[in-house]
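**Q** Got a predicted structure plus its sequence, pasted below:
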Amino acid sequence: QLVESGGGSVQAGRSLRLSCAFSGGPVPYLGWFRQAPGKEREGLAALPLGSSRPLYTDSVKGRFTITQNYVKNIVYLHMNSLKPEDTAVYYCAAGTPPDLLRAPGWKHWGRGTQVTVS
């Protein structure tokens with residue numbers, strides 16, 4: 001089970017931290033995605049469980065950071081310098097996908113949290 005939190009409405013240039021609490025046992029990979037209205041779900045960042053080598057899509061490199069709290073079983077997405085084009089519903093995912101930054105293949109999904117940047 002995956003439960004996202006931390007979304008909200010912010011002004012451009014500000015920061016937000018999203019959280020995803022996961023349960024049900026260890027998973028090989030954790031990832032963050034987003035989906036804006038009328039667009040496909042976009043992969044943002046992924047992290048192998050227990051690894052410190054995340055993967056990012058180019059559009060968020062240098063602004064977003066994925067981290068993990070191993071004790072609390074929470075994965076975070078730290079988002080800085082937010083832009084209006086970052087407005088979307090943000091999802092966390094778990095599984096063993098063939099392509100870490102593409103939605104197909106991720107087995108488990110949270111319900112999402114809305115981020116609005118104005």
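**A** Structure received.
**Q** Run through the residues that contact the closest residue to Glu40 other than its chain neighbours.
**A** Leaving aside its sequence neighbours, Glu40 sits nearest to Ala103 (Cβ to Cβ, 6 or more residues apart in numbering; 7.6 Å). All C-beta spots, glycine's among them, are computed from the backbone N, C-alpha and C. Listed by Cβ atoms under 8 Å, 6 or more residues apart in numbering, the contact partners of Ala103 are Phe33, Glu40, Arg41, Gly43, Ala93.
**Q** per-residue pLDDT, the closest residue to Asn69 other than its chain neighbours?
**A** Distances taken as Cβ to Cβ, 6+ apart put Tyr76 closest to Asn69, at 7.3 Å, once the chain neighbours are dropped. Looking at Tyr76, its pLDDT reads 95.
**Q** Neighbours of the nearest residue to Pro98 once chain neighbours are set aside, how many?
**A** Leaving aside its chain neighbours, Pro98 sits nearest to Gly105 (5.2 Å; criterion: Cβ to Cβ, 6+ apart). For Gly105, the count of nearby residues is 13 (other Cβ atoms under 10 Å).
**Q** got it, and Lys83?
**A** Neighbours around Lys83, by other Cβ under 10 Å: 12.
**Q** again, but for Gly13
**A** The local packing of Gly13 (other Cβ under 10 Å) involves 10 other residues.
**Q** try Ser118
**A** Ser118 has 9 neighbours, counted by other Cβ under 10 Å.
**Q** OK, contacts around the most centrally placed residue in the chain?
**A** With distances taken as Cα atoms, centre = their mean, Trp32 lies nearest the centre of the chain, 2.2 Å away. Going by Cβ under 8 Å, 6+ apart, Trp32 touches 18, 20, 43-46, 64, 66, 75, 77, 90-93.
**Q** my guess is Gln35 meets Arg41, correct?
**A** Yes: under the criterion of Cβ atoms under 8 Å, Gln35 makes contact with Arg41 at 4.4 Å.
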